[in-house]
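Novice: Return atomic coordinates for the entry below.
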Amino acid sequence: MGFRKPYKNRYSTNFEARISHFPHKMTVNDYRGPHHEEEVFVRAEKVDRERYFLLHDDNGKPLYPALIQRLDKLKANRTSGPLFVCEESTPGEPRAWTSGKLNRVVSDICKEAGLPHLTLTQFRKGGLTESGTAGLTTTQIMSQSIHLTEQTVQIYLEKNQEVAMEGQKLRLRWRRKKAKRGIDIVT
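Specialist: Next up is the predicted model:
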């Protein structure tokens, strides 16, 4: 796996949720493509990094079950073209989303869900924030988001009561473990 030199073409891949280049560049070959049937290819154009992500763990359990289900449906039996096909495409002629059309659809989805207007970038931030709240380490989050520095990841992580509470629980467990072994802990 690892990184490889970016291949620039009009359908270059990107899983990052930036409206300027997200869905209209990812091709069907980037998801379960030839020689990578159990992976998805992701390019983080902002930091010029790319890599393959495994879709299943070592036991065959899906790592992204909802995403896999949606992408399998999007890809269907197609062997070429954009993965994210605009709803206005004709069956024999898949067309990629344009930024303007995608902006309108995201806005409509937010309205229907009773959410304030959100951008795809804000959905990405929400996922990174959720990862931090779930207890992932900065290194794990960096690996998933393909960020290069801890400082950049910190921008996305929120300091909230739930994270602080879980940190305190860990600290108290550590103290109890030390106390059982007869190690004096100064408060």
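Novice: Can I get the lowest-mean-pLDDT helix or strand in the chain as PDB, trimmed to CA atoms?
Specialist: Least confident helix or strand of the chain, by mean pLDDT, DSSP states H and E, is helix 120-133 with a mean of 80. The C-alpha trace of helix 120-133 is given here as PDB (Å, rounded to 0.1, in the frame of the first residue of the first chain):
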ATOM      1  CA  LEU A 120     -19.800  18.600   2.600                       C
ATOM      2  CA  THR A 121     -16.700  20.000   4.400                       C
ATOM      3  CA  GLN A 122     -18.800  20.400   7.600                       C
ATOM      4  CA  PHE A 123     -19.900  16.700   7.300                       C
ATOM      5  CA  ARG A 124     -16.200  15.800   7.100                       C
ATOM      6  CA  LYS A 125     -15.500  17.900  10.200                       C
ATOM      7  CA  GLY A 126     -18.400  16.100  12.000                       C
ATOM      8  CA  GLY A 127     -16.800  12.700  11.200                       C
ATOM      9  CA  LEU A 128     -13.400  13.800  12.500                       C
ATOM     10  CA  THR A 129     -15.000  15.300  15.600                       C
ATOM     11  CA  GLU A 130     -16.900  12.100  16.200                       C
ATOM     12  CA  SER A 131     -13.700  10.100  15.800                       C
ATOM     13  CA  GLY A 132     -12.100  12.200  18.500                       C
ATOM     14  CA  THR A 133     -15.100  11.900  20.800                       C
END
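Novice: list the helices and strands the following helix or strand past that helix packs on?
Specialist: Using DSSP states H and E, the next helix or strand after helix 120-133 towards the C-terminus is helix 138-145. Helix 138-145 sits against helix 120-133, helix 150-156, with contacts defined as 3 or more CB pairs under 8 Å, 6 or more residues apart in numbering; DSSP states H and E. Just so you know, the C-beta spots here come from the backbone N, C-alpha and C atoms, and that holds for glycine as well.
Novice: Cheers, nothing more for now.
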